[in-house]
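Visitor: Predicted coordinates and the sequence they were generated for:
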Amino acid sequence: MRYSDRYAYPAWHRLGEALRTNRPTTWDPDAQESAFVTADPGVLEGFWEAMFTLSSFTAAGLGEAYDFTAHRRLLDVGGGTGAFPVGLCRRHPHLRATVLDLPRVAAMAREKVAGLGLSEVIEARDGDFLHDERLPEGHDVILLSMILHDWDEGTGRRLLDKCFAALPPGGAVIICELVLDDDERGPAPAALMGLNMLVETRSGHNYTYAEYRGWLADAGFGPVTVLPLDAAGANAALVARKPN
């Protein structure tokens, strides 16, 4: 609520400006590389605390919809302060997880995880999935939760290529998002989140099931399984495996 009051709601009041200029209104793209790189620690802390709360509910939904029993190590790409690993590792005590995020965010994740007594189960690694040539290896499942909709299609495809390269044969990638129907007429939460991407990102967009299936196939993944979710941050999880 605090984040919405201070940052999101004022930006939505400038929706007309965002539509006319095709520029975000929550931050200045002339002064920052992205919404996730800011010199203001208050903004950064507020955003990631809000995302931890939102993602905790979505993580619970994913944990109910998908069986992680066969997996041993999870890589949460752009995982913020670790809401998904916290929820999933608590649900599956055998699971170990790595959060990959920018150094300032990874430091926040380490503090959060330590405060919850999970430092031996979850590690936070400094990285930049946009610019690093490769993702960390040694994980048999990679999670992209509310990540792909932050960027344009080319960026999303490159990230899925990195996921494919980092996974072992039989490893799985999970896209957890508010996904649009293929006719792009809804559902309403996914459409509204797509509009929010206009307000909050430089080139973000909510994509359709068909688009994600195409990206995954082009990256080399096998058939996609769609798991419906009922959560604030996602209406589906798309699961695809790297062929053996």
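Guide: That came through, no problem.
Visitor: use CA for all of it now, contacts and neighbours both
Guide: Fine.
Visitor: if I look at the residue lying closest to Leu19 once chain neighbours are set aside, how far off is Leu192?
Guide: Distances taken as C-alpha to C-alpha, 6 or more residues apart in numbering place Leu198 nearest to Leu19, at 7.7 Å, with adjacent residues excluded. From Leu198 across to Leu192, the span is 10 Å (C-alpha to C-alpha, to the nearest Å).
Visitor: So which of these two has more stuff around it?
Guide: Legend: neighbour count by other C-alpha atoms under 10 Å for Leu198 and Leu192, higher for Leu198 (24 against 14).
Visitor: Quick check: that one touching Asn22?
Guide: Yes - contact criterion C-alpha atoms under 8 Å: Leu198 and Asn22 qualify, at 6.9 Å.
Visitor: where in the chain is pLDDT low?
Guide: 34-41 (pLDDT under 70).
Visitor: Report all helices and strands that the lengthiest helix in it contacts.
Guide: If you go by DSSP state H, the chain has its longest helix at helix 41-65. Applying 3 or more C-alpha pairs under 8 Å, 6 or more residues apart in numbering; DSSP states H and E, we find helix 41-65 packed against helix 2-3, helix 83-91.
Visitor: Past the last one, which element shows up next along the chain?
Guide: Read that as helix 83-91. As assigned by DSSP states H and E, the chain's next helix or strand after helix 83-91 is strand 96-101.
Visitor: Give me the contact list for that following strand.
Guide: Here strand 96-101 makes contact (C-alpha atoms under 8 Å, 6 or more residues apart in numbering) with 72-82, 85, 89, 106, 109, 121-129.
Visitor: among these, which ones are buried?
Guide: Neighbour counting with 16 or more other C-alpha atoms under 10 Å marks 72-82, 85, 89, 106, 109, 121-125, 127-129 as buried within those.
Visitor: Quickly list what Ser145 is bridged to.
Guide: Counting by DSSP bridges, Ser145 forms beta bridges with Cys176.
Visitor: looking at it, it is touching Ile175, isn't it?
Guide: Yes - between Ser145 and Ile175 a contact is recorded at 5.9 Å, counting by C-alpha under 8 Å.
Visitor: quick one: Gly171 and Tyr9, what's the gap?
Guide: Going from Gly171 to Tyr9 by C-alpha to C-alpha gives 40 Å.
Visitor: Looking at those two, which is more packed in?
Guide: Neighbour count, other C-alpha under 10 Å: between Gly171 and Tyr9, Gly171 has more, with 20 against 13.
Visitor: Need the nearest residue in space to the more buried one, chain neighbours excluded.
Guide: In space, Gly171 is closest to Asp140, 4.6 Å off (C-alpha to C-alpha, 6+ apart).
Visitor: what about the one you found, how many neighbours?
Guide: 21.
Visitor: Kindly report the same for the one 5 residues further on.
Guide: As a burial measure, Ser145 scores 23 neighbours (other C-alpha under 10 Å).
Visitor: repeat for the one 4 residues further on
Guide: Neighbour count of His149, defined by other C-alpha under 10 Å: 22.
Visitor: Quick check on it: phi, psi?
Guide: Backbone geometry at His149, expressed as degrees, to the nearest 10, gives phi -70, psi -10.
Visitor: Which members of the contacts of strand 96-101 occur in strands, if any?
Guide: 73-77, 122-126 (DSSP state E).
Visitor: can you give me the helices in the chain?
Guide: For the chain, applying DSSP H gives helices covering 2-3, 9-12, 15-21, 41-65, 83-91, 103-115, 153-166, 188-200, 209-219.
Visitor: right, so of the ones you listed, which gets closest to Trp27?
Guide: helix 188-200 (7.3 Å; C-alpha to C-alpha).
Visitor: tell me which strands and helices that closest one is in contact with?
Guide: helix 15-21.
Visitor: elements contacting the helix it packs on?
Guide: Applying 3+ C-alpha pairs under 8 Å, 6+ apart, we find helix 15-21 packed against helix 188-200.
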